[in-house]
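Q: requesting a structural model of the entry that follows:
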Amino acid sequence: MKLSRHAKNNMRLYGIKEMDIQETINSPDREETQEGQKIAYKTFPKRFSGLPLKVIFVIEKEAVIITAYPLKKSYLLR
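A: So this is what the prediction gives:
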């Protein structure tokens, strides 16, 4: 797994761990594809105020994480 500078900055800002991103990619609550990028959502009940973590990534030789951040609203996981 390779992290962009933007993803690393968001990880620091929001307290996201690499294992959170890995778990979101491996077993998402919801997944979609948009413009060649994959978007995965995973809720961690005791973290991020119970709101889902959103991870945007592409698969090349390995997963390249473009960004990751907790959502401010959970309406996307209906």
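
Q: got the contact list for Ser49?
A: Contacts for Ser49 (C-beta atoms under 8 Å, 6 or more residues apart in numbering) come out as Pro70. The way it works is simple: take the backbone N, C-alpha and C, and place the C-beta from them, glycine included.

Q: equivalent analysis for Ser27, please.
A: Taking C-beta under 8 Å, 6+ apart as the contact definition, Ser27 lies against Lys42.

Q: could you dump the helix or strand of the chain with the lowest mean pLDDT to CSV, C-alpha only?
A: Lowest by mean pLDDT, DSSP states H and E among the helices and strands of the chain is strand 63-70, with a mean of 84. What follows is strand 63-70, C-alpha atoms only, in CSV (Å, rounded to 0.1, in the frame of the first residue of the first chain):
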residue,chain,number,x,y,z
ALA,A,63,-3.0,0.0,-3.9
VAL,A,64,-2.3,3.8,-4.1
ILE,A,65,-4.2,5.7,-1.4
ILE,A,66,-5.1,9.1,-2.8
THR,A,67,-6.9,10.4,0.3
ALA,A,68,-8.7,9.2,3.4
TYR,A,69,-10.9,11.1,5.8
PRO,A,70,-13.9,10.6,8.1
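
Q: how about the helices of this protein, start to end?
A: 5-14, 18-26 (DSSP state H).

Q: please identify the most buried of the ones you listed.
A: helix 18-26 (a mean of 16; mean count of other C-beta atoms under 10 Å).

Q: what number of residues lie near the closest residue to Lys73 other than its chain neighbours?
A: Distances taken as C-beta to C-beta, 6 or more residues apart in numbering place Leu51 nearest to Lys73, at 7.2 Å, with adjacent residues excluded. Applying other C-beta atoms under 10 Å, we find 18 residues neighbouring Leu51.

Q: tell me how far the residue of the chain most remote from its centre lies from Met1.
A: Ranked by distance from the centre of the chain (C-alpha atoms, centre = their mean), the top residue is Lys61, with 18.8 Å. For Lys61, the distance to Met1 equals 11 Å [C-beta to C-beta, to the nearest Å].
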